[in-house]
Every structure is written in C-alpha cells, then in structure tokens.
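*Asks:* Sequence first, predicted coordinates after that:
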Amino acid sequence: MSVTVVKFGGTSMADAKSINQVAEIVRQDKKRRYVVVSAPGKRFSQDHKITDMLYACYHDLQINGECKATFEKIRERFKGIVEDLALDLDIDAYLDQVESDMLKYHSAEFCASRGEYLSAIITAAKLGYTFVDAKEIMVFNENGDFEPEITNEKVKSVLSKIDKAVIPGFYGGDETGLVHTFSRGGSDVSGAVIARAVGAALYENWTDVNGFMTADPRIVSNPKPIEKLSYRELRELAYMGANVLHPESIFPVRVGNIPINIRNTFCPEAKGTMIVPELEEKDMANRVITGIAGKKGYSIVYIEKSMMNSELGFVRKVLAVLEYYNISFEHLPTGIDTMSIVIADSELAGKEDVVIERIKKVVNPDHIEIKSNISLIATVGHGMSYKPGTASVLCGALAKENINIRMIDQGSSEMNIIVGISTSDYEKAINAIYNAFQK
Ligand code: ASP
C-alpha cells in the first residue's frame, strides 16, 4: 500500500477541537501513516503562536536569566489542550523537563523547537501512533546547516521499522545532540523531507485555507482557487509572497516526484491545490496564467550609458560593487544603453549613497539614479509560453488603469512576467492584471 505523509500546520494544532479534527482526518485514510505537526498556532486573531511565545521565553532568559512568567502561559495552553482532549498523558512532567532544558541549553533554536516537540507528543497520544523525536532523524551539522542526504538515510532506516508515527516539524539535531531549526514555517520542509525518505506517493499539507488562490484574497475579492500548479510555478509564486507553503518544501519532494496536496483541515471536503512535478497540456488548455503574487519594498538602481552594451565587463563591474557591499539583487533587466537593478529595500537600506558613488567611479555612467517605493508583481503560468500576446494583455490592463510600468522582466523560463510599479499602485495593479486574465 502506498504511503501518504501528512503535515498539519499551526492552526490545525491550535486547540483540542482542531486536534480532534486532525485525528479524524488521519484516521479516514489508512495510507496516512506518518504525521508531521507544527506547534499550536493562533486560535483567534489576537492570540499568540506558541513558537512566538517560546522565542519570547528565550528573550526573557537572555535578559533576566529566567522565563517563568512567559513559560507559565505556554504551560497553561498545553495543559488546557491535554485536558480538553481527555488524554491520559502526564503533560506536566514533559513541561517541567522542557522548562529545565530551556535553562540548560539556553539557545533560541532549542526554545523555539519545543512547541513542535510537545505538539507531536500530544498528537501521538491522541492517535495511538509512535512519537519519533525529530532530533534523532533530521540531521543538521554543527553550523546549523541541514544535511539532506544523511537525513534521508536516517529517516528511511528509522521509519521503515515503525508503522505509524508522529514527528515534530521545524527542527532536528546535530551529532553533539544540539537542536537546530529550519527558518520560520519550516515544518512544511520537515514534512517534505519525510515524504521523500519514506517514498510517499503523496505529501498532504493541511492548513487553514483551501489551497493557493489565483491572487491574494486580501487584495482581490474572491479570487479563484488554483486546482493544479507545477513545482516551478509554485517556486515563482511562493518566492513572490504567496505564502501558503514554505518555498523550500519543493526541493525534497522534487527528488522523488511526489505531488503535494494543500488541504484545509477546516474544510476537508475541498480538494485543495495539487502541486505536481509537471503540468500536462490539458491542465493549461483553459488558462493563460496560473496565479499572481507580489511584494512591496523594492528600489531600482537605474543606470544609463551610451554604448553600454559594447563595453566589455560593464555589468560585471556594477555587480561587483553590489557584491562588495554584500547586497543581493532580485532582477536585472537590461536595454541597449540602460540597465536596471531591482533590489529589496532591506538589502539596500543605508548603503544607497556609497553604492551610487562607487558605481559612478567604476563605470562612469551618463546617468544613475535610485527609484524607490517600487513593488514587484509576478504573473506566473506555464500557459503563457504557448500563448502570444500575454505581455500585451498585462501591459494593456495596467495602461488602462493609468499605471506606469517602471520595470518589466520576462523570466527566461517564459512562465513569468514581473513588473515593477509604484507601491501606491500596488493593489490597483494586482486587480487590473487579475481581471484582465479572467474569462
Ligand atoms: N512553528 C514554527 C513557526 O511558527 C514552524 C512551523 O509552524 O512550520 O514558524
């Protein structure tokens, strides 16, 4: 029988009611043998995520050498869950151990990881599955870098002997026994790593939305859900801010060609979004674009110089300046005598003047300026490489709304057109593009 790895996010683990729902989902399908869980998330909008509270504990520890008051709130939260689930589990003993270990290890990563740890212990008790500590199977090196191949072997050998297991997401351990975490939202990555190792036929990622939407529902009202998208489309959309799934989750499943199904714990009847290695012709037949995503907070370093194109090493010299100041850039559209470098404000902040001065010195441009308050919008879809006129529909839609395109870049993959526009036009632009591609 094929195996499905299921991962449940923070809202699915937030309280006893949602954990009961998780258990029901797992039990509905015998293939759901390996369960990866996040720490309890928010129950309502003003609530706190357990992971945030654990980081706060670490902060307290650093400042006061103890974190009693903050930990007390975490204790209450977990005790409440166990009580409401009516589990025969000595959660106090686990909490006492966690509290003293936090003092002992005194590390942000260790503190942060305890939400997933406790969440998995509770879920394992609820389901009657074996608890497997991620510290023993998800391998990091001592610098805190994840070791995918060693982990793959380890997970394979451990889980091949365990029929049904619950594994905490988000963290792992190094050879010396220290805990390391992925970046925030990293339980998605843990699930993907485990799916690869056990050779799963499917990786189900259960969250609190019905999958990916064609556009951000906070900007476009009632956007259509995306039924199917490819790994590459997902990478593009996720990178540009569609944050249903951790963007790095794709790498482990890609090795095994495992599809990911985004599902909604609170609406299990919805099919969600299927993320597949490659789309088939018929998947693209009725659509030109798959989705739109965007991000605010960019600047463009715009450079003009006559005959730039024939000046050997021009681009390299400019990019060397960025490298020197440790600035990474996002896009680099060039014209005959112009080039634009799109850079996130967080990278450029405070370095604008030195960068301009240095570029002036090394390439002596005719004109250089920084255009700020730029937002990027990516319009993504394999379908567009088959249909002429996509860029014209997109540009036409923006022109109709009187939105000036400050930068445009069609990715070499031909499945992505990125425009840079003024941030004040951001919402209007996304709506204009969305509407232009609706049939
Ligand atoms: N609990 C962690 C976070 O809040 C990891 C996760 O939920 O995926 O980032």
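*Replies:* Now that the structure is in, tell me what you want to look at. No experiment lies behind these values; they were computed from the predicted model shown.
*Asks:* any idea how far the ligand is from A201?
*Replies:* When distance is defined by Cβ to the nearest ligand atom, to the nearest Å, A201 is 23 Å away from the ligand. C-beta: built from backbone N, CA, C; applies to glycine.
*Asks:* Distance of T207 relative to V6?
*Replies:* 11 Å (Cβ to Cβ, to the nearest Å).
*Asks:* whoops, I mixed them up, E236
*Replies:* Applying Cβ to Cβ, the value for E236 to V6 is 26 Å.
*Asks:* Please apply the same query to K154.
*Replies:* For K154, the distance to V6 under the criterion Cβ to Cβ works out to 20 Å.
*Asks:* same question, P225
*Replies:* Remark: distance between P225 and V6 (Cβ to Cβ) = 20 Å.
*Asks:* same question, A14
*Replies:* From A14 across to V6, the span is 17 Å (Cβ to Cβ).
*Asks:* What of K282?
*Replies:* Using Cβ to Cβ, one gets 28 Å for the distance from K282 to V6.
*Asks:* Over to G191?
*Replies:* According to Cβ to Cβ, G191 stands 8 Å off from V6.
*Asks:* what are the ranges of the strands in the stretch 201-350 of the chain?
*Replies:* Defined through DSSP state E, counting those that start in this stretch, the strands belonging to the stretch 201-350 of the chain, from first to last, are 202-207, 228-230, 260-264, 273-276, 291-304, 338-344.
*Asks:* Please tabulate those in CSV, including the columns mean pLDDT and mean neighbour count.
*Replies:* Shown next, in CSV, are those (pLDDT from 0 to 100; neighbours: other Cβ atoms under 10 Å):
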stretch, mean pLDDT, mean neighbour count
strand 202-207, 98, 25
strand 228-230, 94, 22
strand 260-264, 97, 23
strand 273-276, 96, 22
strand 291-304, 96, 21
strand 338-344, 95, 22
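*Asks:* Same list (those) but as JSON lines, adding distance to V37.
*Replies:* Converted to JSON lines, the strands of the stretch 201-350 of the chain look like this (distance: least, Cβ to Cβ, whole Å):
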{"stretch": "strand 202-207", "distance to V37": "10"}
{"stretch": "strand 228-230", "distance to V37": "25"}
{"stretch": "strand 260-264", "distance to V37": "15"}
{"stretch": "strand 273-276", "distance to V37": "20"}
{"stretch": "strand 291-304", "distance to V37": "27"}
{"stretch": "strand 338-344", "distance to V37": "32"}
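*Asks:* which residues touch the closest residue to A197 other than its chain neighbours?
*Replies:* The shortest distance from A197 to any non-neighbouring residue, by Cβ to Cβ, 6 or more residues apart in numbering, is to V155 (3.6 Å). Listed by Cβ atoms under 8 Å, 6 or more residues apart in numbering, the contact set of V155 reads 137-138, 193-194, 197-198.
*Asks:* Show the model's pLDDT score for V155.
*Replies:* According to the predicted model, the pLDDT of V155 comes to 98.
*Asks:* Likewise for S100?
*Replies:* In the prediction, the pLDDT value recorded for S100 is 95.
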